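# Coordinates for the following, if possible.
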Amino acid sequence: MRTYLVGGAVRDQLLQRPVSDRDHVVVGATPDDLLALGYKPVGKDFPVFLHPDTGEEYALARTERKTGRGYHGFAVHADPAVTLEQDLERRDLTINAIAMDEAGSLVDPFGGVRDVEQRVLRHVSPAFVEDPVRLLRVARFAARFAPLGFTIAGETMALMQRMVRDGEVDHLVPERVWQETRRALGEPRPSAFLRVLRESGALAVLFPEVDALYGVPQRAEFHPEVDTGVHIEMVLDMAARLAPGNDLVGFCALTHDLGKALTPDDVLPRHVGHEHAGVEPLRALAQRLRVPTEYAALAEQVCREHLNAHRAFELKPATVLRLLGALDALRRPERLEVFLAACEADKRGRLGHQDDDYPQATYLRKARTAAAAIGAGAFVARGLQGPAVGAAMEKARIEAIAAVRGSSG
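Model prediction:
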């Protein structure tokens with residue numbers, strides 16, 4: 001029995017990045033061998049165990065055989081006779097198919113070390129096409145490693161395009177699409193995720209509402225980048241800069257302008273009412289991918305209200321209070337922070353505007369603090385009851401926001 005460190009842990013060591021998860025493969029062993037050593041079984045589809053001391057994952061070397069469509073259409077074979085190279089061959093990318101033995105020596109049968117050095121995302125074998133999740137994973141790795149200069153090998157992109165043409169991507173289950181998307185939105189350059197999906201053709205299949213934004217013009221005086229799809233890419237990357245790792249902000253950024261794809265041609269490049277038109281396609285996307293309720297709800301608020309955030313200084317104090325109420329921001333200030341990050345990303349995700357200030361965020365935070373400081377106690381003490389308390393609180397909150405507005409202007 002021999003054990004090897006594999007996958008991301010080896011790759012990230014070579015890239016001199018922090019290693020978070022350490023996965024191992026065990027060659028020449030049976031499940032009973034590991035059980036006898038105190039390992040705890042956790043794998044359902046194939047034999048995976050947790051080390052009795054470190055808690056790290058150890059999987060028996062295995063091969064996979066395609067038996068049907070989609071992510072689940074595989075038969076897994078784990079056996080002591082399966083070699084390390086056979087196990088590595090079933091992996092997606094060469095940079096993830098490098099092993100390290102207990103002495104620290106690398107086992108690299110597919111040129112992963114070379115591709116790490118040359119900053120290339122390349123498939124290991126033609127079997128790549130058998131699992132459609134791999135297309136999403138490559139796009140996600142592009143979002144993670146694009147800042148390091150990684151690009152996708154031409155032959156790998158060709159395989160991904162073939163997977164789309166052959167309909168393999170159509171069999172992705174919503175949960176996996178959302179899982180990979182959510183992780184990509186938390187990466188340093190989520191725009192690369194969109195670009196890879198678009199080049200492969202998968203964006204039109206999985207996110208038709210987003211794909212439809214490409215080629216839609218905007219007014220050049222407000223959007224020098226003009227193309228709405230390019231704007232979305234810029235907003236995503238700005239969101240990653242403003243709120244690193246926050247995929248909730250990223251999802252709001254991704255979906256805030258979906259209404260622009262529905263603007264009639266005779267109105268372009270203006271997009272009057274796009275903030276309301278975008279709600280229906282956003283709901284369709286969220287329902288199809290089974291997006292968590294909080295993500296869908298906040299994204300809808302950003303879609304509806306991002307223009308109001310931009311013109312916050314022009315809004316009446318009563319309208320600001322309504323906006324805060326729609327966000328439930330008085331009770332849950334963290335929702336306001338997500339909203340403001342997405343709106344600031346939208347404002348700064350424009351060509352030549354990346355370093356603009358966004359004083360609206362400071363004003364709305366102060367307005368929220370002032371309004372939240374007003375409670376019912378003082379009005380009850382004055383003898384008010386029932387609806388009169390609520391009316392008095394609303395009036396006082398509007399006055400408090402007006403005072404903040406006066407001090408900000």
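# tell me, how many neighbours does the nearest residue to Glu225 once chain neighbours are set aside end up with?
Distances taken as Cβ to Cβ, 6 or more residues apart in numbering put Leu351 closest to Glu225, at 4.1 Å, once the chain neighbours are dropped. Quick note: C-beta positions are derived from backbone N, CA and C, even for glycine. By other Cβ atoms under 10 Å, 13 other residues sit near Leu351.
# Which residues are in contact with Leu351?
His223, Pro224, Glu225, Met234 (Cβ atoms under 8 Å, 6 or more residues apart in numbering).
# Filter these down to just the ones in strands.
Applying DSSP state E to the contacts of Leu351, no entry is found in strands.
# of all the residues you listed, which two lie farthest apart?
Farthest-apart pair in the contacts of Leu351 is Pro224 and Met234; separation 10.5 Å (Cβ to Cβ).
# what is in contact with those two at once?
Taking Cβ under 8 Å, 6+ apart as the criterion, Pro224 and Met234 both touch Arg350, Leu351.
# Helices along the stretch 51-200 of the chain, start to end?
For the stretch 51-200 of the chain, the helices defined by DSSP state H, counting those that start in this stretch occupy 84-89, 112-118, 133-145, 154-165, 174-185, 191-200.
# Mind putting these into TSV with mean neighbour count and mean pLDDT?
Putting the helices of the stretch 51-200 of the chain into TSV (neighbours: other Cβ atoms under 10 Å; pLDDT from 0 to 100) gives the following:
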stretch	mean neighbour count	mean pLDDT
helix 84-89	19	94
helix 112-118	18	98
helix 133-145	24	97
helix 154-165	17	97
helix 174-185	19	97
helix 191-200	23	98
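# closest one to Leu206 among those?
Shortest distance between Leu206 and the helices of the stretch 51-200 of the chain, using Cβ to Cβ, is found for helix 174-185: 5.7 Å.
# Specify the angle between the closest one and helix 133-145 in degrees.
Here the directions of helix 174-185 and helix 133-145 differ by 10 degrees (axes from the mean of the first three to the mean of the last three Cα atoms, to 10 degrees).
# Off-centre distance for helix 174-185?
Distance of helix 174-185 from the chain centroid (Cα atoms, centre = their mean, to the nearest Å) equals 7 Å.
# re earlier: going by neighbour count, which of the contacts of Leu351 are buried?
The neighbour-count test (16 or more other Cβ atoms under 10 Å) marks His223, Glu225, Met234 as buried among those.
# Could you list which of those residues belong to helices?
Met234 (DSSP state H).
# contacting residues for the nearest residue to Met163 once chain neighbours are set aside?
Of all residues not flanking Met163 in the chain, Val129 sits nearest, at 5.2 Å (Cβ to Cβ, 6+ apart). Counting by Cβ under 8 Å, 6+ apart, Val129 touches Leu159, Arg162, Met163, Asp166, Glu168.
# ok so, going back, which one of the helices of the stretch 51-200 of the chain lies closest to Glu294?
Of those, the one closest to Glu294 (Cβ to Cβ) turns out to be helix 174-185, at 12.2 Å.
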